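Engineer: any chance you could fold what I've pasted below:
(chains A and B)
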Amino acid sequence: MYPRDSQPRDEVDRLYSQLRPLAPPPDLSARILAALPAERPTPVLSASRQRLWGWVTAVAALMLLGLCIQLGSQLEESGALSVLNEIFADLGNFFASPSDYLSTLAAALPWGNIVLALLALSVFWYGGGQLTTTPTTRKMMTRQRQ
Amino acid sequence: MADQTDQQLLTRIQRGDRRAYEYLIGRYQTPLFNFTARFLGNADAAADACQQTFIQFFLHAQELRPDEPLGPWLFRVARNRCIDEIRRQHPTPFSQMYANRAAQSGYQSEDDYVDLFADAAPLPEDLAERADLQQILAQAIAALPPKYREVVALRYAADLSFAEIGAILGLPEATVKTQFHRAKPLLRAYLSRYGVTEERSG
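Structural biologist: Modelled structure (predicted):
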């Protein structure tokens, strides 16, 4: 064996060029494979991706909070809440003519904000899931389990 | 799979391909074992260090970037496992081992450092019976202070360039070369102590 880059050879270099490579133990591969954990480690995010998902999740959470507050007042103002109140106050009436109630409710609901709120909820859910696969979180979860 | 680069193998390993992992072990086990064996001077401890290195790689493969060279990463982990093993054997800070052993032995210069290991070496007549050139070459590396030993082991046993050694040790190439050239007189002194010269080695 002798290193690849060309350096001036002296006597020591020439002597060590005769150093024979050692063969690893024949069972080394088998030992390594036997010592591996049965499960493949969960894919983890890089630090930059972890930060990105942290921001995305935080923004989604804030959006969700704002949209929920706005939705609450819109449901009150549009009369959708009173329709819901009537439905639950007298379910018999509702089941007698559900289409009347549902069409009134559909017309009163602020669909635009509901879709936005569901979108923010989905992003929050997915982003939170991504963050739980980071090494730090995994370690914390493992410690809690122990 | 022989034509696959380390990066391609890493990508396959990250997808959960165990055959790619086994192939990577086959590719690196000999150079890693040679390095750890020469660094530690003990085949069993070297095999353990290699085993720990490959397991650590398996556990952290998902965190490695595909553009990060795999060889230096593996050698760096193996080197750290070797240092852990040396610390376990000698509970002294790695950086102080050289100074402490020198102080205990009243050593003055680096050339005298070879004397620190003379007692551990076999007597010439024993050597004649059981040792050959290979053994003396290995003993000369094992007798070096650790900071020189790792450079020499990476150079002579793992067959790496100074640039690669620098990447593994996190040192500039010039520093690696300096350490290597400072180790050479120690090796030369050890070898000549046992009468190993080019003429005699054939």
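Engineer: from here on, contacts and neighbour counts on C-alpha atoms
Structural biologist: Will do.
Engineer: tell me the pLDDT at residue A:34?
Structural biologist: On the pLDDT scale, residue A:34 is placed at 91.
Engineer: can you spell out which helices and strands pack onto the strand or helix carrying it?
Structural biologist: Element membership of residue A:34, judged by DSSP states H and E, is helix A:28-35. Judged by 3 or more Cα pairs under 8 Å, 6 or more residues apart in numbering or on different chains; DSSP states H and E, helix A:28-35 is in contact with helix B:18-40, helix B:43-60.
Engineer: in the next helix or strand after it, what's buried?
Structural biologist: Remark: after helix A:28-35, the chain's next helix or strand is helix A:47-78, criterion DSSP H and E. Residues of helix A:47-78 classed as buried: A:50, A:53-54, A:56-58, A:60-61, A:63-64, A:67-68, A:71, A:74-75 (neighbour count, 16 or more other Cα atoms under 10 Å in any protein chain shown).
Engineer: quick one: low-confidence ranges for chain B?
Structural biologist: Applying pLDDT under 70 to chain B picks out residues B:91-131, B:198-202.
Engineer: tell me the residues of it that contact chain A?
Structural biologist: B:14, B:16, B:22, B:25-26, B:29-30, B:33-34, B:47, B:51, B:54-55, B:58-60, B:62-63, B:134, B:137, B:155-157, B:159-162, B:184, B:187-188, B:197-198, B:201 (Cα under 8 Å from any Cα of the partner chain).
Engineer: now do the helix holding residue A:34: everything it contacts.
Structural biologist: B:22, B:25-26, B:47, B:51, B:54-55 (Cα atoms under 8 Å, 6 or more residues apart in numbering or on different chains).
Engineer: export those to CSV and tack on distance to residue B:150 and neighbour count?
Structural biologist: Output for those, formatted as CSV (distance: Cα to Cα, whole Å; neighbours: other Cα atoms under 10 Å in any protein chain shown):
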residue, distance to residue B:150, neighbour count
B:22, 27, 16
B:25, 22, 19
B:26, 23, 12
B:47, 16, 23
B:51, 19, 25
B:54, 19, 27
B:55, 22, 17
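Engineer: out of these, who's nearest residue A:112?
Structural biologist: residue B:55 (52.0 Å; Cα to Cα).
Engineer: need the max-distance pair from the contacts of helix A:28-35.
Structural biologist: It's B:22 and B:47 that sit farthest apart of the contacts of helix A:28-35, by Cα to Cα, at 16.1 Å.
Engineer: export the one helix or strand residue B:185 maps to to CSV, keeping only CA atoms.
Structural biologist: Using DSSP H and E, residue B:185 falls within helix B:173-193. C-alpha atoms of helix B:173-193 as CSV (Å, rounded to 0.1, in the frame of the first residue of the first chain):
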residue,chain,number,x,y,z
GLU,B,173,-3.2,19.9,4.6
ALA,B,174,0.0,21.7,5.5
THR,B,175,-0.5,20.9,9.2
VAL,B,176,-1.1,17.2,8.3
LYS,B,177,2.1,17.2,6.3
THR,B,178,4.0,18.8,9.2
GLN,B,179,2.7,16.2,11.6
PHE,B,180,3.6,13.4,9.2
HIS,B,181,7.1,14.7,8.7
ARG,B,182,7.6,15.1,12.4
ALA,B,183,6.5,11.5,12.9
LYS,B,184,9.0,10.2,10.3
PRO,B,185,12.2,10.6,12.4
LEU,B,186,10.4,8.7,15.2
LEU,B,187,9.6,5.9,12.9
ARG,B,188,13.1,5.9,11.5
ALA,B,189,14.6,5.8,15.0
TYR,B,190,12.4,2.9,16.0
LEU,B,191,13.1,1.0,12.8
SER,B,192,16.8,1.5,13.0
ARG,B,193,16.7,0.4,16.7
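Engineer: avg pLDDT for stretch A:113-130?
Structural biologist: 90.
Engineer: wait, does that stretch contact chain B?
Structural biologist: No: if you take Cα under 8 Å from any Cα as the test, stretch A:113-130 misses chain B, and the best it gets is 14.3 Å.
Engineer: got a list of contacts for that stretch?
Structural biologist: A:45, A:50, A:53-54, A:56-58, A:60-61, A:63-64, A:67-68, A:71.
Engineer: mind doing that once more with 10 Å?
Structural biologist: Stretch A:113-130 is contacted from outside by A:44-45, A:49-50, A:52-68, A:70-71, A:74, A:111, using Cα atoms under 10 Å, 6 or more residues apart in numbering or on different chains.
Engineer: likewise stretch A:66-85?
Structural biologist: A:60-62, A:64-65, A:86-89, A:101-102, A:104-114, A:116-118, A:120.
Engineer: and what of stretch B:77-88?
Structural biologist: Outside stretch B:77-88, the residues that reach it (Cα under 10 Å, 6+ apart) are B:32-33, B:35-37, B:39-40, B:45-46, B:48-54, B:56-57, B:72-76, B:89-94, B:97, B:146, B:150, B:154, B:168-169.
Engineer: now stretch B:10-27
Structural biologist: With Cα under 10 Å, 6+ apart, stretch B:10-27 has contacts from A:28-30, A:32-33, A:39-43, B:1-2, B:4-9, B:29, B:32, B:50-51, B:54, B:57-58, B:60-68, B:70-71.
Engineer: list the buried residues of it.
Structural biologist: For stretch B:10-27, the neighbour count (16+ other Cα under 10 Å) marks B:10-11, B:13-14, B:16, B:20-25 as buried.
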